[in-house]
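> Need coordinates for the below:
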Amino acid sequence: MKNIFKLSLMGIAFLSGCATNTTSNNSAEVTKAPAPMTAITPVQSGVVTRRLNDCIVRTNQSADALLVDSQIIVVTRNNPHAKALFNSADKLTDQQIIALRSYLAEANTCRPVATEGLSPELTLIYQEFFKKIDGVYADLIARKITIGVANQERQLLIQDARMKRLAVQSKKS
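As a prediction, the model looks like this:
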């Protein structure tokens, strides 16, 4: 559950573009995403961005988050397990289900921060993303899909939401 939550948080970070560079030895911390080719106005204030980043970093430091990132969902950038996770034909073990649920419960506490101060149009994009990603996590926990399929679907949902967010932002520019 925590792993799913962490994945949700990473999705939030990708959608909001709010992650910041941090200097740490902890590989589970979120780092700044590369800037898009065209400058897009930030969707949230610097204060909200920092609060979201702090929430994500805190969530990604738990033991459950580390297990999720290494065995279930690619949560962090430069994850050395990413290739194996995206190609995994394995379904979750009972221990992984417990860790994922725990991770998701923690990560979902960052969702209100992720949508704070957004326009109704952007809030709708985030809510749609959360609903879809929760469905992927539910299918993964129910062992309806493999770890690889869950990672692939999650990545597609993140990319789709990011494109929708950029489209909304470019209309306003």
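
> Show me the shaky parts of the protein.
1-44, 173 (pLDDT under 70).

> Looking at it, which helix is longest?
The single longest helix within the chain, with elements called by DSSP state H, is helix 147-172.

> Buried residues, it. List them.
147, 149-155, 157-158, 161-162, 164-165, 168-169 (16 or more other C-beta atoms under 10 Å). For glycine as for every other residue, the C-beta is placed from the backbone atoms N, C-alpha and C.

> What helices and strands are in contact with it?
With contacts taken as 3 or more C-beta pairs under 8 Å, 6 or more residues apart in numbering; DSSP states H and E, helix 147-172 sits against helix 2-16, helix 82-87, helix 120-141.

> count of neighbours near R51?
Neighbours of R51 under the rule other C-beta atoms under 10 Å: 17.

> Backbone dihedrals for it, both of them.
Main-chain torsions, R51, degrees, to the nearest 10: phi -60, psi -40.

> before we move on, the earlier item: closest one of the buried residues of helix 147-172 to E121?
Taking C-beta to C-beta as the measure, E121 lies nearest V168 of those, at 5.2 Å.

> Leaving out sequence neighbours, find the closest residue to the closest one.
Closest residue in space to V168, ignoring its immediate chain neighbours: E121 at 5.2 Å, by C-beta to C-beta, 6 or more residues apart in numbering.

> if I read this right, that neighbour contacts R165, doesn't it?
No - E121 is not in contact with R165 according to C-beta atoms under 8 Å; the separation is 9.3 Å.

> List every C-alpha atom in stretch 152-164, with coordinates, as PDB.
Backbone C-alpha positions of stretch 152-164 (Å, rounded to 0.1, in the frame of the first residue of the first chain) are rendered in PDB as follows:
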ATOM      1  CA  GLN A 152       3.800   0.400 -17.600                       C
ATOM      2  CA  GLU A 153       0.300   1.500 -16.900                       C
ATOM      3  CA  ARG A 154       1.400   3.900 -14.200                       C
ATOM      4  CA  GLN A 155       4.000   5.500 -16.500                       C
ATOM      5  CA  LEU A 156       1.400   6.000 -19.300                       C
ATOM      6  CA  LEU A 157      -1.000   7.600 -16.800                       C
ATOM      7  CA  ILE A 158       1.700   9.900 -15.600                       C
ATOM      8  CA  GLN A 159       2.600  10.900 -19.200                       C
ATOM      9  CA  ASP A 160      -1.100  11.400 -20.100                       C
ATOM     10  CA  ALA A 161      -1.700  13.600 -17.100                       C
ATOM     11  CA  ARG A 162       1.400  15.600 -17.700                       C
ATOM     12  CA  MET A 163       0.500  16.300 -21.300                       C
ATOM     13  CA  LYS A 164      -3.000  17.400 -20.200                       C
END
